[in-house]
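1. No sequence on hand, only this structure:
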């Protein structure tokens, strides 16, 4: 069983448990068989690499999916428990397409799949729609030949590769809080951050797909409170907070204050441009204006995309970009096959902090220029009508564009209203040069959306 609604713009996410599931093991099997056909894997792709996070439905759903792939005559390399960026690594390292079982920051009753082509290249929304069509059709007939399943533990290779990209040798001693939220960072952190110069204070490192301590979504401020308190109580230099599948990482400074992902994007972009002058940086439409300002001021090129990892990855590849960042704390690196990895971003921040005698708040201060609303979600019945209403109310103020939803840009402010890629929501983001202007624009737009 599988409901068409679980297929989103960039991945699959749906409820697998409870009285009204949206997909089950049979649906996972159908998706596995459909992936073989749509990606044409039975014409010599070699194999499909598959990983899963710690969600309770993971073993059953991943096993059924792999059975669907094997039934079509294609081999599977099962890497078992994995963060999403570890799966991207496996795809790049092995030069194979991949599938990662995770629902990222969604509640425990959800599961899903993120896909990639060989070398971690994204699949397109059109390809995902074709997979949905095939998976929803009549059950496929098994191939004459059957694929073979093998297992590989790629955690040591993943850690070694990250260390080859960012060397922490010689940094000053750092005290670091790391909140895994009972997600996959609890599995990868010991391998990656087991460093003599790092005193790691771990929070919720045990893998538990029921998320007993807080939801695995660092975009929600309440889910950062534990790490903020731990920084202050332990006089730590900074904190790292990961989402459920550990492909995103939020940063908290030595004061216990959250550092905006846009600020981190600007900081890493500056570091990467120092390493490769004139390089291209990618960010999405609702990343802070500080990012293009810094990139252009430091001689780089900027490319702006729609929100979503498939769009950013595609732009990274098209423009051979060295680095990309999103407001949601997804960070993309050319040396990581253009894919997103929260752990590599964390290493870049640790390296910068460890090679300076200044606190992190000082290091990021020059990149913190604007007041932002954060993402505000509203459930609305007609998203297009609401965006048109906002556009009409802002007529004559700023430049309007529809690259990703509706964006209205003034001289020192912008307002963006866009439909969610994964949920039936309209998302509002506002930024301005000062808090008073931001709050006035935010309240005006929110009043129009919720009228």
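-> Cool, got the structure. Predicted, not measured: the structure shown is a model, and the values here were computed from it. Numbers count the residues shown, from 1 in each chain.

2. With residue 146 as the reference, measure out to residue 139.
-> Residue 139 sits 16 Å away from residue 146, going by C-beta to C-beta, to the nearest Å. In short, each C-beta sits where N, CA and C put it, glycine included.

3. Residue 129 now?
-> Taking C-beta to C-beta as the measure, residue 129 and residue 146 are separated by 28 Å.

4. ok, back up a step: so which of residue 139 and residue 146 has more stuff around it?
-> Remark: of residue 139 and residue 146, residue 146 carries more neighbours, 14 against 11, as counted by other C-beta atoms under 10 Å.

5. Phi first, then psi, for residue 440.
-> Per-residue torsions, residue 440: phi -70, psi -40 (degrees, to the nearest 10).

6. For it, grab the count of nearby residues.
-> Residue 440 has 13 neighbouring residues, counting by other C-beta under 10 Å.

7. Let me know the pLDDT of it.
-> Confidence at residue 440, expressed as pLDDT, is 98.

8. List the contacts of it.
-> Taking C-beta atoms under 8 Å, 6 or more residues apart in numbering, we find residue 440 in contact with no residue.

9. now what about the worst-scoring helix or strand of the chain on mean pLDDT, what contacts it?
-> The element with the least model confidence among the helices and strands of the chain, by mean pLDDT, DSSP states H and E, is helix 309-318, at a mean of 92. Among residues not part of helix 309-318, those counted as contacts by C-beta under 8 Å, 6+ apart are 9-10, 120-125, 282, 284, 303, 305, 321, 324, 326, 330, 332, 334, 338-340.

10. number of nearby residues for residue 81?
-> Residues contacting residue 81 under the criterion other C-beta under 10 Å number 17.

11. picking up where we left off before, so after the least confident helix or strand of the chain, what's the next helix or strand?
-> Scanning forward in sequence from helix 309-318 by DSSP states H and E, the next helix or strand is strand 323-325.

12. How about the contacts made by the nearest residue to residue 403 once chain neighbours are set aside?
-> If you skip the residues right next to it in sequence, residue 403 has residue 285 as its closest partner in space, 5.6 Å away by C-beta to C-beta, 6 or more residues apart in numbering. Contacts for residue 285 (C-beta under 8 Å, 6+ apart) come out as 304, 305, 306, 307, 403, 404, 405, 407, 416, 418.

13. Go ahead and confirm the fifth one touches residue 303.
-> Which is residue 403. No - with contact defined as C-beta atoms under 8 Å, residue 403 and residue 303 do not form a contacting pair (11.8 Å).

14. the more surrounded of those two?
-> Higher neighbour count among residue 403 and residue 303: residue 303, with 17 against 14, using other C-beta under 10 Å.

15. contacting residues for the more buried one?
-> For residue 303, the contact set (C-beta under 8 Å, 6+ apart) comprises 280, 281, 282, 283, 315, 319, 321.

16. now the angle from the helix or strand encompassing it to helix 309-318?
-> Counting by DSSP H and E, the element that carries residue 303 is strand 301-305. Between strand 301-305 and helix 309-318, the angle comes out at 150 degrees (axes from the mean of the first three to the mean of the last three C-alpha atoms, to 10 degrees).

17. Measure how buried residue 78 is and give me the count.
-> Residues near residue 78, counting by other C-beta under 10 Å, number 17.

18. May I see the buried residues of stretch 235-251?
-> Neighbour-count burial for stretch 235-251 flags 236-251 (criterion: 16 or more other C-beta atoms under 10 Å).

19. what's the closest non-adjacent residue to residue 54?
-> Nearest residue to residue 54, sequence neighbours excluded (C-beta to C-beta, 6+ apart): residue 207, at 3.9 Å.

20. Please apply the same query to residue 407.
-> Leaving out its chain neighbours, residue 407 is closest to residue 416 (C-beta to C-beta, 6+ apart), at 4.6 Å.

21. what's the one you found in contact with, if anything?
-> Contacts for residue 416 (C-beta under 8 Å, 6+ apart) come out as 285, 286, 404, 405, 406, 407, 408, 427, 428, 429, 430.

22. please redo it, this time with the cut-off set to 10 Å
-> Contacts for residue 416 (C-beta atoms under 10 Å, 6 or more residues apart in numbering) come out as 284-286, 307, 327, 373, 375, 390, 401, 403-409, 427-431, 445.

23. Now restrict the residues you listed to buried residues only.
-> 284-286, 307, 327, 373, 375, 390, 404-409, 427-431, 445.

24. now, which of the contacts of residue 285 sits nearest residue 266?
-> Nearest to residue 266 out of the contacts of residue 285 is residue 304 (C-beta to C-beta; 14.0 Å).

25. which regions of the protein sit below the pLDDT cut-off?
-> Within the chain, the ranges that satisfy pLDDT under 70 run 43-45, 140, 422.

26. change it to 80
-> Within the chain, the stretches falling below the threshold (pLDDT under 80) are 42-46, 138-144, 421-424.

27. For it, list the residue farthest from the centre, please.
-> Going by C-alpha atoms, centre = their mean, the residue of the chain most distant from its centre is residue 144, 38.3 Å out.

28. How about that one: what's its closest non-neighbour residue?
-> On the basis of C-beta to C-beta, 6+ apart, the spatially nearest residue to residue 144 that is not a chain neighbour turns out to be residue 73, at 7.1 Å.

29. and the gap between the one you found and residue 38?
-> With distances taken as C-beta to C-beta, residue 73 is found 15 Å from residue 38.

30. of those two, who's got more company?
-> Here residue 73 and residue 38 are compared on neighbour count by other C-beta under 10 Å; more neighbours surround residue 38, at 20 against 16.

31. Residue 132 is in contact with that one, correct?
-> Yes - in this structure, residue 38 is within contact of residue 132 by C-beta atoms under 10 Å, at 9.5 Å.

32. List the contacts of stretch 374-393.
-> Residues outside stretch 374-393 that contact it (C-beta under 10 Å, 6+ apart): 219-221, 258, 260, 286, 307, 327-328, 400, 402, 405-406, 408, 415-420, 423-431, 442, 444-451.

33. shouldn't residue 61 be in contact with residue 113?
-> Yes - taking contact to mean C-beta under 10 Å, the distance of 8.5 Å between residue 61 and residue 113 places them in contact.

34. between these two, what contacts are shared?
-> Shared contacts of residue 61 and residue 113, defined by C-beta under 10 Å, 6+ apart, comprise 23, 28, 31, 52, 101.
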